[in-house]
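Colleague: I would like the atomic coordinates for the input below:
(chains A and B)
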Amino acid sequence: DAGITQSPRYKITETGRQVTLMCHQTWSHSYMFWYRQDLGHGLRLIYYSAAADITDKGEVPDGYVVSRSKTENFPLTLESATRSQTSVYFCATKFAGNNEQFFGPGTRLTVL
Amino acid sequence: RKEVEQDPGPFNVPEGATVAFNCTYSNSASQSFFWYRQDCRKEPKLLMSVYSSGNEDGRFTAQLNRASQYISLLIRDSKLSDSATYLCVVNIDYGQNFVFGPGTRLSVLP
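Modeller: Numbers count the residues shown, from 1 in each chain, chains lettered A, B, ... in the order given. Below is the predicted model of the structure:
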């Protein structure tokens, strides 16, 4: 049981390109989250989703787009990547009635 | 002021030592509290939730002081395997707004 998988694990791209980070879960957890982690900031919430077709902004949503057409997938798209979006991106899931979040292994994104 | 603050450390302690981390939060409406552990270049994992009356899980004890708006984590009899970054997490409104502190790095030395 893979739980949560993220792909790609590493990505290097150039400023202005569109990039999509994938997140897939096998648990059927209702909630899914995207965080970015940068030195000195801790994890910051980008977007989250309570169910298929329901998404909401977090603390730092600008420059990102999400969708959730299926419960198990929650892709994150950087429409026009900027250097400030160089970061480690974590996807997480959570049961509706529980506060524990389960994190994927992360995607290290570098924008040149 | 950041919503959740932690001493970044690093805390370098010998095996067997007792070490304590503090975390302060700014929003008095915060409802639930957690400690996560993150190993180097890995994902965070839940260590323990923090309850109002304080709670213990083996060598780990978590306490909450709502009046002073801080949370603590005590690790007794430190092991080499305890070396990691410890993240304080606060849930503001029983919703999905989980605010993470920047983390405190612990190195347990042989």
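
Colleague: Identify the spatial nearest neighbour of the most centrally placed residue in chain A, chain neighbours not counted.
Modeller: In chain A, the C-alpha closest to the average C-alpha coordinate belongs to residue A:34, at a distance of 3.1 Å (CA atoms, centre = their mean). Spatial nearest neighbour of residue A:34, excluding adjacent residues (CB to CB, 6 or more residues apart in numbering or on different chains): residue A:46 at 4.4 Å. Just so you know, the C-beta spots here come from the backbone N, C-alpha and C atoms, and that holds for glycine as well.

Colleague: Can you pull the residues of chain A lying near chain B?
Modeller: Residues of chain A lying near chain B by CB under 8 Å from any CB of the partner chain: A:31, A:33, A:35, A:40-45, A:48, A:50, A:56, A:58, A:90, A:94, A:99-101, A:103-106.

Colleague: So which residues on chain B come close to chain A?
Modeller: So chain B meets chain A at B:4, B:32, B:34, B:42-46, B:49, B:87, B:91, B:96-98, B:100-103 (CB under 8 Å from any CB).

Colleague: I'd guessed residue B:100 sits against residue B:91; true?
Modeller: No: using CB atoms under 8 Å, residue B:100 is not in contact with residue B:91, being 10.6 Å away.

Colleague: which stretches of chain A have low pLDDT?
Modeller: Counting by pLDDT under 70, chain A has low-confidence residues at A:1-2.

Colleague: distance from the centroid: which residue in it tops it?
Modeller: residue A:97 (21.2 Å).

Colleague: For that residue, give its distance to chain B.
Modeller: Using CB to the nearest CB, to the nearest Å, residue A:97 is found at 12 Å from chain B.

Colleague: Let me know whether my guess that that residue is in a strand holds.
Modeller: No: the assignment for residue A:97 by DSSP: H, G, I helix; E, B strand; the rest coil gives coil, which leaves it out of any strand.

Colleague: Settle it for me: which of residue B:100 and residue B:91 has more neighbours?
Modeller: residue B:100 (23 against 17; other CB atoms under 10 Å in any protein chain shown).
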